[in-house]
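Peer 1: I would like the atomic coordinates for the input below:
(chains A, B, C and D)
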Protein chains: 2
Amino acid sequence: MAQRKSLKNDACPMARSLDIVGDQWSLLIIRDAFDGMKRFGEFQQSLGVAKNILADRLKNLVHEGVLDLAPASDGSLYQEYVLTAKGKGLFPVVVGLRHWGEAHLYAKGEPHSVLVERESGKPVPKIALRMRDGQALTPEDTFVKKLPAKKAAAH
Amino acid sequence: MAQRKSLKNDACPMARSLDIVGDQWSLLIIRDAFDGMKRFGEFQQSLGVAKNILADRLKNLVHEGVLDLAPASDGSLYQEYVLTAKGKGLFPVVVGLRHWGEAHLYAKGEPHSVLVERESGKPVPKIALRMRDGQALTPEDTFVKKLPAKKAAAH
DNA sequence: CCGTATCCATTCCGATACTG
DNA sequence: CAGTATCGGAATGGATACGG
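Peer 2: Presented below is the predicted three-dimensional model:
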């Protein structure tokens, strides 16, 4: 009865997203996947997470269609976890979290890893939200249009 | 011993970000704050979360400088929770999660709330990641430049 | 090397009752 | 209305041990 409230059927897309990646590990796994990691052991070593929960999270991400299982590219008999198109769609979220952390969570001069462009080696520019007319978009420029709330939906 | 691994000192900005907002509720609270909610009861009703956890999360977000306590704008004697500049910096993350959910988590024709521009009432355009030269940026165009890993840091 | 299975401590979460 | 206090069940997370 005290189980986590499922947001799978929420009327808010953000809530549904968080139902899948809204935990401590999933987005870190996805980060590492963007970083080229594919093998169980790579994730395990990178994250320092217990193997049982790593297995659990990977399974869930595969189930949700964020990761896909593919035969190993090298000779080994195991499978690899690769991002699906759906998974790659999380790239802006990953980059957004990274940029926010860079901007607000480090002391001045404190070093951290950086996402850079492959060719130039220079940092990826900050995300710029734009309106339809191309102007910068601030939170105040927007609001959420909710559902008509027919019966008892979208509480 | 089985306590959540703190990522506060991680060398990856994304990890630090998740240390603050990487749970089920924080980003939903922030979403509602962007949506104009300020009062304890508003969050409580919107999220349907137990009051003790809501209080805990709000306290933590205030402590982390994402929300700020301000005297009530109306006559009431209670305080209000408002986004700080740091908190508003999460807007791209919120929008990114929303867009990802819209694109991948709904059946065709299934209704959901939409983030729209205040003036036109039209949906906010999708986030476009760009390289420094203005071209579209894909995950493959990037890599993470990690720290030199001096001693035993950035494990 | 890739997981699965088990044990145990801690944390999370929901429901409820309670104070001011 | 805005929280705090408490309780119990569920999930999380770490540390192994074990099998393919």
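
Peer 1: Quick check, residue A:30 in contact with residue A:88.
Peer 2: No - Residue A:30 is beyond contact range of residue A:88, at 9.3 Å (criterion: CB atoms under 8 Å). Backbone N, C-alpha and C define where each C-beta goes, glycine included.

Peer 1: Please identify the helix or strand for the residue positioned nearest the centre of chain A.
Peer 2: Nearest to the geometric centre of chain A sits residue A:27, at 4.1 Å (CA atoms, centre = their mean). Using DSSP states H and E, residue A:27 maps to helix A:26-34.

Peer 1: close to chain B, is that helix?
Peer 2: Yes - counting by CB under 8 Å from any CB of the partner chain, chain B is contacted by helix A:26-34 at A:27-28, A:31, A:34.

Peer 1: Is it possible to mark the buried ones in these?
Peer 2: For the residues of helix A:26-34 next to chain B, a burial check counting by 16 or more other CB atoms under 10 Å in any protein chain shown picks out A:27-28, A:31, A:34.

Peer 1: residue ranges of the strands in chain A, please?
Peer 2: Per DSSP state E, chain A carries strands over the ranges A:67-71, A:79-83, A:114-117, A:142-145.

Peer 1: Could you give the bridge partners of the residue nearest to residue A:33 when sequence neighbours are not counted?
Peer 2: The shortest distance from residue A:33 to any non-neighbouring residue, by CB to CB, 6 or more residues apart in numbering or on different chains, is to residue A:83 (5.0 Å). Beta-bridge pairing for residue A:83 (DSSP bridges): residue A:67.

Peer 1: okay but residue A:83 is in contact with residue A:69, surely?
Peer 2: No - counting by CB under 8 Å, residue A:83 sits too far from residue A:69 to count as a contact (11.7 Å).

Peer 1: With neighbour numbers in mind, choose between these two.
Peer 2: residue A:83 (19 against 12; other CB atoms under 10 Å in any protein chain shown).

Peer 1: show me what contacts the more buried one?
Peer 2: Listed by CB atoms under 8 Å, 6 or more residues apart in numbering or on different chains, the contact partners of residue A:83 are A:30, A:33-34, A:66-68, B:139.

Peer 1: about what we covered before: I'd like the strands of chain A as a markdown table, with mean pLDDT appended.
Peer 2: Output for the strands of chain A, formatted as a markdown table (pLDDT from 0 to 100):
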| stretch | mean pLDDT |
| --- | --- |
| strand A:67-71 | 92 |
| strand A:79-83 | 93 |
| strand A:114-117 | 97 |
| strand A:142-145 | 96 |
